[in-house]
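Chemist: Give me a model of this one.
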Amino acid sequence: MNDASLPKPGPRSTYRHGDLRRALVEAGLALAREGGPDAIALREVTRRAGVVPNAAYRHFGSLRDLREAVRGAALAALARAMEAELGTAPGDGDALARARARVRAVGLGYLRFARDEPGLFRTAFAVDAAPVTRPDERAGPGGLDPFELLGSALDALVAAGGLPARRRRHAEYVAWSAVHGYAMLIVDGPLRALDREGAAAVAAHLLDMVERGL
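Modeler: Next comes the predicted model:
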C-alpha cells in the first residue's frame, strides 16, 4: 500500500496548549460583533471553538473572566482602528499642524469604529464587565490602548504649543466624554438614523468644537 492510499487526516478537533484560549476569545469576539456583550455565552463560544464547555475552564474561571478577555480584544480592535486612522493623518506642515491632525485622527478612528462595529464597541465599554487586567490584551500594535492613544496625541499637542500645559490635566476626559457621547448617540441613541454623510458632518463639527475647547 502506498502513501496515496492512506486516509487523509481530518481537521483538528483539539487545540495545542496556548491555542485554545485564543480560539475561545476569537469565538467570543465573533459573537460580540454579531450581538454585543450579552451574546457572549459559554456554550456557544465553546461550540464555535470546537470543544466541550468544560474545556473553557482550563483558561477562564468563569463566564465573566471570558467576557473580560473578549472585552480586552474589542478594545484592542478599537485601538487598531484608531492607529489606522492615525496612519492617514497628514505628515506635512509644521509640528502644530501635525499634532492637531493626530488629535483629530484619534477622534475620527474612534467614531468610525463605533459606527462600523457597534457590537464590538458596546462590548468594549460594557458597564457590567470585569476590568481588563492584562494591558497587552487591550492595546493595538503600537502598544497603547484607546485611552492611551488619546493621551499621547494630547501630549504631542502640548509639545507643539497647541495646548497650554496648565490645561493638559484632565483634557483627555473632556475630549473622550464628548466623542464617546456622540458615539453612543449614533450606536444606540436617536442619531442612529443619520446616514454616513450626515454622521461624518456632525463628527467634523464635534471635533472642531473639541479642539477649540481644549
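Chemist: And the most centrally placed residue in the chain, which helix or strand is it part of?
Modeler: The chain has residue 78 as the residue nearest its centroid, 2.2 Å off, counting by CA atoms, centre = their mean. Element membership of residue 78, judged by DSSP states H and E, is helix 63-86.
Chemist: for residue 122, same thing?
Modeler: Using DSSP H and E, residue 122 falls in helix 118-124.
Chemist: list the helices and strands that helix packs on?
Modeler: Helices and strands touching helix 118-124, by 3 or more CB pairs under 8 Å, 6 or more residues apart in numbering; DSSP states H and E, are helix 19-35, helix 63-86, helix 95-116, helix 171-187. C-betas here are computed from N, CA, C, even on glycine.
Chemist: In a markdown table, list those along with mean pLDDT and distance to residue 207.
Modeler: Converted to a markdown table, the helices and strands packed on helix 118-124 look like this (pLDDT from 0 to 100; distance: least, CB to CB, whole Å):
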| stretch | mean pLDDT | distance to residue 207 |
| --- | --- | --- |
| helix 19-35 | 94 | 26 |
| helix 63-86 | 94 | 12 |
| helix 95-116 | 96 | 5 |
| helix 171-187 | 96 | 8 |
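Chemist: nearest to residue 142, of the ones you listed?
Modeler: helix 63-86 (5.7 Å; CB to CB).
Chemist: what packs against that closest one?
Modeler: Contact analysis of helix 63-86 by 3+ CB pairs under 8 Å, 6+ apart lists helix 19-35, helix 42-49, helix 95-116, helix 118-124, helix 146-159 as its packing neighbours.
Chemist: Relative to the whole chain's centre, how far out is it?
Modeler: Computed by CA atoms, centre = their mean, to the nearest Å, the chain-centroid distance of helix 63-86 equals 4 Å.
Chemist: swap in stretch 147-159?
Modeler: Its chain's C-alpha centre and that of stretch 147-159 lie 18 Å apart, by CA atoms, centre = their mean.
Chemist: Can you point out the buried residues in it?
Modeler: By 16 or more other CB atoms under 10 Å, the buried positions in stretch 147-159 come out as 148-158.
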